[in-house]
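J.: Give me the fold of what follows.
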Amino acid sequence: MTIDDLTEMDVSQNDLEGNISFSSKTICKLERLIFSGNVFESNNMLNGTIPPGLANFSSLKRLVLSHNNLSDSIPEFFVASNLLYIDLSFNKRNGQIPQTVGNIVNLTMINLYMNKLDGPIPRQIENLSNLQLLNLFNNNLYGPLPFELSEGHRLFALDLRFNSFNGTISTNFENLSHLSQLILQENDFSCSSEETSWEGPMNMIMNFLLLLLLAIFQLSNALNSDGTALLALSSNLILSQSVNSTWNSLDPSPCRWAGISCDKSGYATSIVLPALRISSSLGKEIVLLIRLKELNLAANDLSGLFPQN
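T.: Down below sits the predicted model:
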């Protein structure tokens with residue numbers, strides 16, 4: 001076997017130094033790249049920039065470079081890549097979210113929180129019809145929320161807190177029938193609406209009623225906290241097809257998901273998924289399942305550290 005055949009590279013939680021450098025000619029089959037939480041002698045983290053070509057490896061499906069000291073802007077995505085998951089959180093990335101992110105049509109999860117990104121959310125996000133999670137928490141993003149964001153019919157978690165978004169919250173979000181987490185605190189949204197002739201207190205009452213109806217609509221289709229935690233947990237694992245096909249927000253009850261048993265209140269009490277070739281590391285979301293009594297992941301290919309607490 002040569003490096004030409006490399007499909008997975010996980011060097012998280014090490015003491016790597018320097019910049020990231022790859023050639024598509026030598027790792028053309030790479031599907032998973034995980035560099036999270038490394039150490040660089042000056043800033044206690046891996047530093048530098050992401051090579052522009054890295055984002056365009058046609059075979060790459062998961063790109064995890066979180067908890068480092070990566071700077072500069074997010075690379076452009078010039079080709080319709082096969083990326084399913086991007087995690088660049090806890091870095092020092094600046095610049096704007098590139099419009100070419102709309103080329104990654106298979107994306108299901110985007111984690112860009114705790115960076116220094118600015119500018120608006122690109123309208124090309126409407127191309128991401130499979131997107132389930134968008135976390136932009138704690139950046140310097142601004143501008144009104146694009147109407148195109150309401151086209152994400154599979155979106156179940158949207159975290160935009162601690163930015164500078166403004167304008168009104170469109171009632172078109174009622175189209176997001178699977179949305180169970182909408183976090184908008186510490187932004188500059190207003191209660192007024194240019195689409196209605198109501199003024200003063202009546203305008204505020206109408207907007208409040210519209211948002212209340214939206215919340216009721218969402219709750220009727222929402223995952224409970226355990227379902228959200230399990231989905232977040234699955235984002236860091238490679239699951240077998242039999243499991244992956246049932247673990248999704250289209251079914252709001254995690255009790256019907258493969259390997260999950262629940263109590264009468266709908267909270268997970270056991271996860272039993274032995275010998276299914278599940279790989280990667282177990283995420284910290286496991287500690288959110290406070291009623292869990294049994295965890296059976298025997299005879300799989302898990303690696304890394306067990307979550308603390």
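J.: Going by C-alpha atoms from here, please, whenever you check contacts or count neighbours.
T.: OK.
J.: can you give me the helices in the stretch 101-250 of the chain?
T.: 200-219, 225-234, 241-244 (DSSP state H, counting those that start in this stretch).
J.: In this structure Gly167 contacts Phe189, no?
T.: Yes: using C-alpha atoms under 8 Å, Gly167 is in contact with Phe189, at 5.2 Å.
J.: Confidence-wise, which of the helices of the stretch 101-250 of the chain is weakest overall?
T.: Per-stretch averages of pLDDT across these put helix 200-219 at the bottom, with a mean of 52.
J.: Do you know the pLDDT at Ser164?
T.: Ser164 is assigned 93 on the pLDDT scale.
J.: how near is it to Ser279?
T.: Distance check for Ser164 against Ser279: by C-alpha to C-alpha, to the nearest Å, it reads 38 Å.
J.: can you check Ser89 too?
T.: In terms of C-alpha to C-alpha, Ser89 sits 22 Å off from Ser279.
J.: So for the two, which residue has more residues nearby?
T.: Neighbour totals were compared for Ser89 and Ser279, and Ser89 leads with 23 against 15 (other C-alpha atoms under 10 Å).
J.: Would you quantify the distance from that one to Ser245?
T.: 27 Å.
J.: Equivalent analysis for Glu285, please.
T.: From Glu285 over to Ser245 the distance is 20 Å, taken as C-alpha to C-alpha.
J.: Who has more neighbours out of these two?
T.: Glu285 (17 against 11).
J.: per-residue confidence for the more buried one?
T.: Confidence per residue is given as pLDDT, and for Glu285 that number is 76.
J.: Need phi/psi at it.
T.: Dihedral pair for Glu285: phi -60, psi -20, per degrees, to the nearest 10.
J.: which residues touch it?
T.: Glu285 makes contact with Ala229, Leu230, Ala232, Leu233, according to C-alpha atoms under 8 Å, 6 or more residues apart in numbering.
J.: who are the neighbours in contact with Asn300?
T.: Residues in contact with Asn300 (C-alpha under 8 Å, 6+ apart) are Pro274, Ala275, Leu276, Arg277, Ile278, Ser279.
J.: Any stretches of the stretch 101-250 of the chain with poor pLDDT?
T.: Low-confidence regions of the stretch 101-250 of the chain, defined here as pLDDT under 70, cover residues 170-174, 191-223, 249-250.
J.: Next, the buried residues of stretch 274-288.
T.: Leu276, Arg277, Ile278, Ser280, Ser281, Leu282, Gly283, Glu285, Ile286 (16 or more other C-alpha atoms under 10 Å).
J.: Quick check: the closest residue to the last one other than its chain neighbours vs Ala299, distance?
T.: Put plainly, it is Ile286. Taking C-alpha to C-alpha, 6 or more residues apart in numbering, and ignoring the residues beside it in sequence, Ile286 has Leu233 as its nearest neighbour in space, at 6.7 Å. To Ala299, Leu233 is 19 Å away according to C-alpha to C-alpha.
J.: about what we covered before: quick one: residues contacting the residue nearest to Ile286.
T.: Contacts for Leu233 (C-alpha under 8 Å, 6+ apart) come out as Leu282, Gly283, Lys284, Glu285, Ile286.
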